[in-house]
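>>> build me a model:
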Amino acid sequence: MKEIDFLPEWYKSSRRQQISYHTQYFILGCIFVAIMFWNFIAARSISKAAADLTQTAPKQVGAEGILRESAGFKNQASQLQGKSGILEKIDSRINVADVLAELSFLIDKRIALSKVELKAEKFTDKKGRKINNDALLSAGGENQQTPGGKEAPLGNVRFKVVLKGIALNAGDVAELICRLEDSPYFCQAVPSFSRNTTIKAGICPDTENRQVSEFEISCYLSNYQVN
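Okay, the predicted model is just below:
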């Protein structure tokens, strides 16, 4: 049995167009809802990011302050290292008071010193040549310049001790040299000269003259090590 369609063609075409429009409206509505939802999510993310930035700003300022302080500390450390290097160069590594106290202990009443000198010397090179001239430090005075007008040598130096005075006899001078060698403060004690001389035994004009031994001894402080 054959079905007969009594609906006109214009009605069918209009119906198809309505269905197509409804479908398009539905799709556009879904797209609009998706766009609105996406805008909501994006706005919320932007708001949260802005809040995080607001909270992070004080931390960033604090971090920048810490970095500036760290740079200042590094600069101070660099300056202190430079000053430490200078102090290392000018440090004589000796205690003059201790040296004089040791000399007072070693020298007995039969010896009288007229001069005590500490000479700072640069170490010699492999060929035995001095690297720098001497600088003098008198026991009773301040640092002096070298005879050539140069300042005291800096860096690693050794100190030569020069003792000049008189003793009752030559045996006392030899005994002093032995005491200097046995002392942990001194080494390489050698006599520069030792000769007999005559002095007055007192301040009165009629005082008899007395023969004594005039001497000069040189030695080194034992505060250095030769590699």
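>>> only C-alpha atoms from now on, for both contacts and neighbour counts.
Fine.
>>> number of nearby residues for Tyr220?
22 (other C-alpha atoms under 10 Å).
>>> that one bridge partners, please.
Beta-bridge pairing for Tyr220 (DSSP bridges): Lys160, Cys187.
>>> residue contacts, it?
Arg158, Phe159, Lys160, Val161, Phe186, Cys187, Gln188, Ala189 (C-alpha atoms under 8 Å, 6 or more residues apart in numbering).
>>> same thing but at 10 Å, please
Contacts for Tyr220 (C-alpha atoms under 10 Å, 6 or more residues apart in numbering) come out as 118-120, 158-162, 180-181, 185-190.
>>> can you tell me what sits against stretch 107-115?
Contacts of stretch 107-115 (C-alpha under 10 Å, 6+ apart): 138-140, 162-169, 172-173, 175-176, 179-180, 212-216.
>>> please read the previous query as pertaining to stretch 63-71.
Counting by C-alpha under 10 Å, 6+ apart, Ala57, Pro58, Lys59, Gln60, Val61, Gly62, Gly72, Phe73, Lys74, Asn75, Gln76, Ala77 sit against stretch 63-71.
>>> I'd like the average pLDDT over that stretch.
Across stretch 63-71, pLDDT averages out at 82.
>>> filter the contacts of Tyr220 down to the buried ones.
Buried subset of these (neighbour count, 16 or more other C-alpha atoms under 10 Å): 118-120, 158-162, 180-181, 186-187, 189-190.
>>> closest to Phe37 out of those?
Ranked by distance to Phe37 (C-alpha to C-alpha), the buried ones among the contacts of Tyr220 are led by Arg158 at 86.7 Å.
>>> that closest one is in contact with Asn223, isn't it?
Yes. Counting by C-alpha atoms under 10 Å, Asn223 is a contact partner of Arg158 at 7.5 Å.
>>> how does this protein divide into domains?
8-91, 96-221 (automatic domain parsing).
>>> by mean pLDDT, show me the worst of the ones you listed.
In terms of average pLDDT, domain 96-221 trails the rest of these, at a mean of 75.
>>> Thr198: how many residues sit nearby?
For Thr198, the tally of surrounding residues (other C-alpha under 10 Å) stands at 11.
>>> which of the helices or strands spans it?
strand 186-200 (DSSP states H and E).
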